[in-house]
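**Q** Attaching a predicted model along with its sequence, questions to come.
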Amino acid sequence: MAVNYLNGLAPIVTVTGPGNLHHLTYDSVPSLNGPGAVGMINTTHNGTTNFLLGFSYNYRGYAFYWDGQAPAFWRVSGNSPFIEPVGTSWENATGVPWGSSEIELGINVATQAASATKAGGEIPVFFSADYFQL
């Protein structure tokens, strides 16, 4: 499926039950030459939670994964018929390299995550209007 971070298109990740959503930004633009950032957000909610992932124009690569007991899925918008599973580790993550027109499944960004700056437990994420509890 063609998708990118232009014109407001970004992944919505739907999770069920408690767990952690991990997010990585990597490959900074050449003029910044900075490290990537890695963080996570935790939910203890037993039901469904939707996250709209944010991003920064300072990086050219983004990846995310879910470590809860139930699987997570991503889509582009609330009424999108196209839904795919979310990765479960940095070795098997879901990601969007900058300029790509597709979200890629099963990418290995373990090296980038290991060298990224820890974001203090915070990631760029927005909650969908249907559920806000963590």
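**A** Perfect, thanks for sending it. Numbering: from 1, shown residues only.

**Q** so Ala114, which of the three states?
**A** helix (DSSP: H, G, I helix; E, B strand; the rest coil).

**Q** What's the separation between the residue of the chain most remote from its centre and Asn58?
**A** Ranked by distance from the centre of the chain (C-alpha atoms, centre = their mean), the top residue is Ser31, with 24.2 Å. Noted for Ser31: a distance of 9 Å to Asn58, by C-beta to C-beta, to the nearest Å. Every residue, glycine included, has its C-beta placed from N, CA and C.

**Q** How many residues are close by the residue lying closest to Gly34 once chain neighbours are set aside?
**A** Excluding the flanking residues, the one nearest Gly34 by C-beta to C-beta, 6 or more residues apart in numbering is Ser28, at 4.6 Å. Neighbourhood size, Ser28 [other C-beta atoms under 10 Å]: 17.

**Q** Was I right to think Ser28 contacts Gly61?
**A** No - counting by C-beta atoms under 8 Å, Ser28 does not reach Gly61; the two are 9.2 Å apart.

**Q** which residues are in contact with both of the two?
**A** Taking C-beta atoms under 8 Å, 6 or more residues apart in numbering as the criterion, Ser28 and Gly61 both touch Gly36.

**Q** for the residue nearest to Glu104 when sequence neighbours are not counted, helix, strand, or coil?
**A** Spatial nearest neighbour of Glu104, chain neighbours left out: Gly95 (5.4 Å); criterion: C-beta to C-beta, 6+ apart. Using three-state DSSP, the structure places Gly95 in strand.

**Q** ok, now which ones touch Gly95?
**A** 24, 61-64, 87, 103-104, 107, 109 are the contacts of Gly95 under C-beta under 8 Å, 6+ apart.
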